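Enquirer: test case, fold it:
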Amino acid sequence: MEQYFVRDYTGGAFVPFGAWHLGFIILFILFNLSFIFLRKNHDPIFRKRFRYGLAISSITVELSWHIWSAIVGLWNIQEYLPLHLCSVFVILNSIMLFTRSYRIYEFSYFLGIAGALQAFLTPDAGIYGLPHFRAIQTLLAHGLIISEAIYMTVVEGFRPTLGSIKRVFIWANVYMAIVYVINMLLGSNYMFVAHKPVTASLLDFLGPHPWYILSLELVGLVMCMILYIPFFIKDARAKKQLQGSIS
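Expert: Next comes the predicted model:
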């Protein structure tokens with residue numbers, strides 16, 4: 001068991017969509033499908049406890065990464081500050097779950113799902129293949145970010161609007177500009193705006209630096225529009241039914 005916590009892991013690098021990874025993806029899908037049944041439970045105490053459980057799980061998974069990194073001598077200011085989008089959403093989502101904040105939900109639904117999904121499908125785990133702690137922690141951290149936004153949508157009944165997309169796009173760029181300055185000061189690569197990650201990722205298909213940042217913005221906007229499609233269809237059907245009842 002100790003070998004799955006060592007710094008210099010020799011068990012093999014992470015294999016995207018390998019047997020272990022596919023197993024995690026299937027479990028993740030089943031977990032999120034369970035929200036359909038949770039939606040039928042209207043007990044406010046149960047829902048509160050479930051929300052709190054999700055928040056505590058996310059915080060625990062994130063803290064475990066920092067503790068492990070410090071113990072094995074990897075932690076440094078250039079890589080481990082909570083400035084990557086997914087680390088930010090561990091904090092924001094926890095606040096959202098504890099307070100049922102709709103404003104945070106808007107960002108969580110679009111940026112949280114879009115960002116964490118890429119990291120869940122192509123994790124930046126490097127030499128740490130499954131079932132090493134680092135690989136498991138990476139999948140759990142990003143999977144929970146996605147699940148928390150889905151939970152608030154399916155079970156708590158939250159939903160974004162077109163105005164949400166505008167707010168998310170504006171503030172995401174403001175945050176990226178701030179992180180860009182921090183990267184210049186620290187020599188870091190938070191949000192991967194200084195250069196692409198060393199390991200393979202979807203950014204490899206978006207062109208060289210810095211043009212992939214613009215491509216990523218476009219991809220992000222498209223992802224937001226795709227994530228909004230279910231609500232667009234729902235609104236269109238409701239409008240059609242209303243017009244039918246009036247006529």
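Enquirer: so where's this structure uncertain?
Expert: Residue ranges of the chain with pLDDT under 70: 199-201, 244, 247.
Enquirer: which secondary structure state is assigned to Ala125?
Expert: When classified by DSSP: H, G, I helix; E, B strand; the rest coil, Ala125 comes out as coil.
Enquirer: and it, its phi and psi?
Expert: Backbone torsions of Ala125, given as degrees, to the nearest 10, read phi -100, psi -10.
Enquirer: secondary structure element for the residue nearest to it when sequence neighbours are not counted?
Expert: Nearest residue to Ala125, sequence neighbours excluded (CB to CB, 6 or more residues apart in numbering): Phe14, at 3.9 Å. From N, CA and C alone the C-beta is placed, and that goes for glycine too. Here Phe14 is covered by no helix or strand, with elements defined by DSSP states H and E.
Enquirer: what do you get for Phe46?
Expert: Using DSSP H and E, Phe46 sits within helix 44-71.
Enquirer: now do the same contact list for the most centrally placed residue in the chain.
Expert: In the chain, the centroid-proximal residue (CA atoms, centre = their mean) is Ala116; its distance is 2.6 Å. By CB atoms under 8 Å, 6 or more residues apart in numbering, the contact list for Ala116 reads 86, 89, 142-143, 145-146.
Enquirer: likewise for Pro82?
Expert: 62, 88, 90-91.
Enquirer: next, the buried residues of stretch 91-106.
Expert: Going by neighbour count (16 or more other CB atoms under 10 Å), the buried part of stretch 91-106 is 92-94, 96-97, 101, 104-106.
Enquirer: which of these fall within helices?
Expert: Mapping the buried residues of stretch 91-106 onto helices (DSSP state H) picks out 92-94, 96-97, 104-106.
Enquirer: show me which pair in those is furthest apart.
Expert: Within those, Ser94 and Glu106 form the most distant pair, 16.2 Å apart (CB to CB).
Enquirer: using ChimeraX, define a selection of the buried residues within the contacts of Pro82.
Expert: Selecting the buried subset of the contacts of Pro82 in ChimeraX, with 16+ other CB under 10 Å as the burial test, is done by:
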select :62,88,90
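Enquirer: Ser69 and Trp20, how far apart?
Expert: According to CB to CB, to the nearest Å, Ser69 stands 22 Å off from Trp20.
Enquirer: pull out the buried positions in the helix or strand containing Ile113.
Expert: When secondary structure is defined by DSSP H and E, Ile113 falls within helix 113-121. Buried positions in helix 113-121, judged by neighbour count with 16+ other CB under 10 Å: 113-120.
Enquirer: before we move on, back to that, looking at the buried residues of stretch 91-106, which one is closest to Arg51?
Expert: When the buried residues of stretch 91-106 are compared for distance to Arg51 (CB to CB), Leu97 wins out at 4.3 Å.
Enquirer: show me the contacts for the closest one.
Expert: By CB under 8 Å, 6+ apart, the contact set of Leu97 is 51-52, 54-55, 148, 152.
Enquirer: just put the residues you listed in TSV and tack on distance to Tyr128.
Expert: Listed next are these as TSV, based on distance: CB to CB, whole Å:
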residue	distance to Tyr128
Arg51	30
Tyr52	30
Leu54	25
Ala55	26
Glu148	24
Met152	31
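Enquirer: farthest-separated two in these?
Expert: Greatest spacing in the contacts of Leu97, by CB to CB: Tyr52 and Met152 (13.2 Å).
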